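A.B. asks: output the structure for:
(chains A and B)
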Amino acid sequence: MKRITFLIAFLIASITCFGQKIEINGFGTTNLSHKMLQMSNAQISDFAKAKLHNKIPSPGFFFKTAKVYNVDNVLVSVGYRSIKRNINADNYLVNVKKSLDPFFSDSPGYTSKIETINGKKFLITSQPMNGNITKAFYGVNTVTFTILQGSVQCSPEHEAEADITLKELLSNIQYKVQ
Amino acid sequence: MKKSHLSFLGILFFSFLVIYSCRRDVQNFVKEQSISSGALESAKIWRATHLSALGIKLDAKWNDAWNAHTVIGDVLVVPAPEHPLYDINYTMRRVFLFSLSENQVTKCEIVEFLGYKYDVSNNLDILIKGYYNKNLLENFSGSIYQYDINYTFINSSKYENGVRKLNVKPFIKNMTRVQMLAQVKSYESHLRVNDAVDVVYHPPRDQWPQVGPGCVESWFTDEEYSNDRLTQITYTLESCVCPNQSSGDSNNSSSSNTGNPQNPPYGGGGSSGGGGGDGTSSIWKLPCEEVKRINERYAAIRVLRTALMNDMNSTGTNPLTEYGQVLKAPGNSLLDYSKSTTPTIGTYNPNTQTSGEWTKPANSYTFNPTDGYFYGLAHTHPDDNGASVVDVMQSIINPYFESGSEVHNASATEKDYYTIFAAGLIFTPNYTYTVTLGVDLSNATNYNNSINNLQTYYNSYNTNPATLNTAYRTAAQDYVNLHSGEVDNVNYTQSELTADASVYGLKKALGNAVNIYRSGPNDTKTSPITAGGDSNTASVSTVDCPQ
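C.D. replies: Okay, the predicted model is just below:
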């Protein structure tokens, strides 16, 4: 009996740690196959000290609705916001790109592009920040009028790892359909 | 102990008691002063009980007190500490006047007698008597200033050859040089009245002594009215008090030390515009006040906008090209802003040029600095983002601190003036931004602190520009993230989002080092704008200024 209890607990823990599903309220879901740990503020601070030269590149992405995860050497934040129902949601990504580009146009290494991944459009920006790298992503669910906003943040030596994490995260996005 | 010894000791003790109780009168007797110890003690008690904790505690030289017989009765005159004056044609005495009734104080005033080519020291008794009997101020030319025991201004009057000039209101204003210049500019800008006001200076402006930062100058200020309308204001430099500087240490002989709060400058102490000043200078750089000055010159800014935007729009080939114009004063002095000039103009492509490499185009404009903010940099932004950290640094902050720059090499007076009138102008398709230096003119200490604040940003930017640039960009991105869902291109456009994000970013990066003003492309005046909050609450709003 004790062995069965132990096995059940182990399985639950494994499911929790690996291949977690991330609920993005109103927007949809995504998941990552990598081991990920949702982080508290203290853990974020410890992570920054250990792996981000003691600086969080873009703390603004840890907004109220955002959940922050540690995926190996990458800090992942995923959150959602609502948009007005009378706006043209299709234009959302274009508007964000147009709004951000002027601020980063003279920042070496900045890129921004609207990409289609698994049939879904995302705006992905990449910018060096505080000696680290922030890759921001934006999506829009035009049915629920909900925005996806998030980031992967890492030190420059782990950029490839961040790219893989980002691609998997966006590839697995499933829109919520009301 | 024998009875006789006891009696002897008793008599000795009693004798000492009598001598002790009369010691002040003995002292007065020795000094040939006809004042009683009772009046003196009453004055000390009256002063102690009427001094406010927040008032200025002007020192009283009790040992030099004397009695004066006036039409209202005996008055105890107690001199106060004084300062040397800049102009030898003026003499000044500052005294406490305690009105006495049966050796008890009933009232006290602090009075300053200022004589012009009239020796108030030699005629002080006459002046004090005349003060209580206005008809007896024969031959007196000068001013009399009244204050209460806390050295708060009550009233003043002006005399010429013994005749009171009712149309002239004299004040003593204690200001830093930068406050003085701001006030002069205000009068020259017809701030107080719609008609021109003649401004007269003694000595003339080109003979003003050089002063270090933080020095407080006292100015005799005579405001002359005609039919209740201010027609002329005369500034006469009276003295200069510098921080951490011993008497005679400065460039002019009238300097003295501000370290003693019991010996404040004349005119009611060290507060700006003191002695009945209108306080204009102390609030001059507050956004709601500064915007009035900018709007007085806004027509010139609009002319410049039209010219530069026309150039930018007519090019069309490269939307990133910025067109700009350096705004600078002609001549050898930053203060010499009275002439028109044709400053350097040019274009700048952020993709191919480093900042400062402005290419001069074929067209040229004439910008009249008399009507506009006269020093800084005006340029266009093809997008609607306002001033960035780079723009502010290169337009207005770097020139102040950068070794070898025209402003850095200027005199202290000119540099003070620069902190008031420098501005960076950014023209975008939908907005005009005016960014000025955030300096606090309320007093010398606050002014120096705000210069130190600017220096901190300058040092940070020029040590590692990425720090402030990143602060600006991340804050702007936070604003875009929070408000992008509001863009409906009707009530809130993408251009407005960019514009607001730039203001939020700049305020987050540079804080109170800058004042930001914004207007629409066709507006005839601008308004102060501010930002606050964090990534969850970021907001930008126009400051609601009282009309």
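A.B. asks: specify the beta-bridge partners of B:T221.
C.D. replies: Beta-bridge partners of B:T221, counted by DSSP bridges, are B:F171, B:Y235.
A.B. asks: and it, what is it in contact with?
C.D. replies: Residues in contact with B:T221, defined by CB atoms under 8 Å, 6 or more residues apart in numbering or on different chains, are B:P170, B:F171, B:I172, B:K173, B:I233, B:T234, B:Y235, B:T236, B:G277. Placement of C-beta: from N, CA and C, glycine included.
A.B. asks: mind doing that once more with 7 Å?
C.D. replies: Taking CB atoms under 7 Å, 6 or more residues apart in numbering or on different chains, we find B:T221 in contact with B:P170, B:F171, B:K173, B:I233, B:Y235.
A.B. asks: which of those has the most neighbours?
C.D. replies: Neighbour counts for these (other CB atoms under 10 Å in any protein chain shown) peak at B:K173, which has 26 neighbours.
A.B. asks: so it touches B:E217, yeah?
C.D. replies: No: using CB atoms under 7 Å, B:K173 is not in contact with B:E217, being 8.7 Å away.
A.B. asks: show the subsequent helix or strand relative to the helix or strand B:A531 falls within.
C.D. replies: Element membership of B:A531, judged by DSSP states H and E, is strand B:527-532. Counting by DSSP H and E, the next helix or strand C-terminal to strand B:527-532 is strand B:539-542.
A.B. asks: what's the closest residue to A:P59 other than its chain neighbours in contact with, if anything?
C.D. replies: Ranked by CB to CB, 6 or more residues apart in numbering or on different chains and with sequence neighbours excluded, the top spatial neighbour of A:P59 is B:S535, at 7.4 Å. Contact analysis of B:S535 by CB under 7 Å, 6+ apart lists A:G60, A:F63, B:D478, B:L482.
A.B. asks: most neighbours, which of these?
C.D. replies: That'd be A:G60 among the contacts of B:S535, by other CB under 10 Å, with 26 neighbours.
A.B. asks: now do the contacts for that one.
C.D. replies: B:T474, B:Q477, B:D478, B:N481, B:S535.
A.B. asks: secondary structure and pLDDT added to those, as JSON lines?
C.D. replies: Listed next are those as JSON lines, based on DSSP: H, G, I helix; E, B strand; the rest coil; pLDDT from 0 to 100:
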{"residue": "B:T474", "secondary structure": "helix", "pLDDT": "94"}
{"residue": "B:Q477", "secondary structure": "helix", "pLDDT": "96"}
{"residue": "B:D478", "secondary structure": "helix", "pLDDT": "96"}
{"residue": "B:N481", "secondary structure": "helix", "pLDDT": "95"}
{"residue": "B:S535", "secondary structure": "coil", "pLDDT": "90"}
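A.B. asks: from the residues you listed, which two are the most distant?
C.D. replies: Pairwise distances across the contacts of A:G60 peak at 10.2 Å for B:T474 and B:N481 (criterion: CB to CB).
A.B. asks: who does the strand holding B:A531 pair up with?
C.D. replies: Using DSSP bridges, the strands paired with strand B:527-532 are strand B:514-519 (antiparallel), strand B:539-542 (antiparallel).
A.B. asks: what's the average pLDDT for the first one?
C.D. replies: Going back to what we said before, that points to strand B:514-519. Regarding strand B:514-519, the rounded mean pLDDT is 96.
A.B. asks: ditto for the last one
C.D. replies: The average pLDDT for strand B:539-542 rounds to 94.
A.B. asks: next: stretch A:154-165.
C.D. replies: 95.
A.B. asks: so after the helix or strand of chain B at the bottom of the mean pLDDT ranking, what's the next helix or strand?
C.D. replies: Counting by mean pLDDT, DSSP states H and E, chain B has its least confident helix or strand at strand B:256-257, which shows a mean of 41. The C-terminal neighbour of strand B:256-257 among helices and strands, as given by DSSP H and E, is helix B:287-296.
A.B. asks: got the residues of chain A near chain B?
C.D. replies: By CB under 7 Å from any CB of the partner chain, the part of chain A that sits against chain B consists of A:58, A:60, A:63-64, A:81-84, A:86-87, A:92, A:95-96, A:98-100, A:102-107, A:129-130, A:147, A:149.
A.B. asks: and those residues, which are buried?
C.D. replies: Buried residues within the residues of chain A next to chain B, counting neighbours by 16 or more other CB atoms under 10 Å in any protein chain shown: A:58, A:60, A:63, A:81, A:83, A:87, A:92, A:95-96, A:98-100, A:102-104, A:129-130, A:147, A:149.
A.B. asks: so which of those residues sit within strands?
C.D. replies: With DSSP state E as the criterion, strands contain A:R81, A:M129, A:I147, A:Q149 from among these.
A.B. asks: ok, the second one touching A:S58?
C.D. replies: Yes: counting by CB under 7 Å, A:M129 sits close enough to A:S58 to count as a contact (5.6 Å).
A.B. asks: overlap of the contact sets of these two?
C.D. replies: Among the neighbours of A:M129, those also in contact with A:S58 (CB under 7 Å, 6+ apart) are B:T474.
A.B. asks: helices along chain A, start to end?
C.D. replies: All helices of chain A, identified by DSSP state H, fall at A:2-17, A:41-51, A:92-104, A:159-171.
A.B. asks: mean pLDDT lowest for which of those?
C.D. replies: Ranked on mean pLDDT, the bottom entry among the helices of chain A is helix A:2-17, at a mean of 52.
A.B. asks: looking at B:T474 and B:N481 now, which is surrounded by more residues?
C.D. replies: B:N481 (28 against 25).
A.B. asks: for that one, give me its contacts.
C.D. replies: A:G60, A:Q149 are the contacts of B:N481 under CB under 7 Å, 6+ apart.
A.B. asks: next up, the contacts around residue 72.
C.D. replies: In the absence of a named chain, chain A is used. Applying CB under 7 Å, 6+ apart, the residues contacting A:D72 are A:H34, A:E161.
A.B. asks: the intended chain is chain B.
C.D. replies: Counting by CB under 7 Å, 6+ apart, B:I72 touches B:S99, B:Y132.
A.B. asks: equivalent analysis for B:E160, please.
C.D. replies: Taking CB under 7 Å, 6+ apart as the test, what B:E160 contacts is B:S141.
A.B. asks: which of the residues in the strand holding B:A531 are buried?
C.D. replies: For strand B:527-532, by 16+ other CB under 10 Å, it's B:S527, B:P528, B:I529, B:A531.
A.B. asks: compute the inter-axis angle for it and helix B:287-296.
C.D. replies: Interaxial angle of strand B:527-532 relative to helix B:287-296 (axes from the mean of the first three to the mean of the last three CA atoms, to 10 degrees): 140 degrees.
A.B. asks: out of the buried residues of strand B:527-532, which one sits closest to chain A?
C.D. replies: Minimum distance to chain A across the buried residues of strand B:527-532 is 14.2 Å, recorded for B:A531 (CB to the nearest CB).
A.B. asks: per-residue pLDDT, that closest one?
C.D. replies: pLDDT recorded at B:A531 is 92.
A.B. asks: what is B:A422 paired to in the beta sheet?
C.D. replies: B:Y375.
A.B. asks: burial of it, as a residue count?
C.D. replies: A count of neighbours around B:A422, defined by other CB under 10 Å, yields 24.
A.B. asks: B:L6 now?
C.D. replies: 10.
A.B. asks: again, but for B:A475
C.D. replies: Using other CB under 10 Å, B:A475 has 25 other residues around it.
A.B. asks: one more: B:K134?
C.D. replies: Counted by other CB under 10 Å, the residues lying close to B:K134 total 12.
A.B. asks: for it, what are its contacts?
C.D. replies: Taking CB under 7 Å, 6+ apart, one finds B:R164 in contact with B:K134.
A.B. asks: from chain A, how far out is it?
C.D. replies: Per CB to the nearest CB, to the nearest Å, B:K134 is found 69 Å from chain A.
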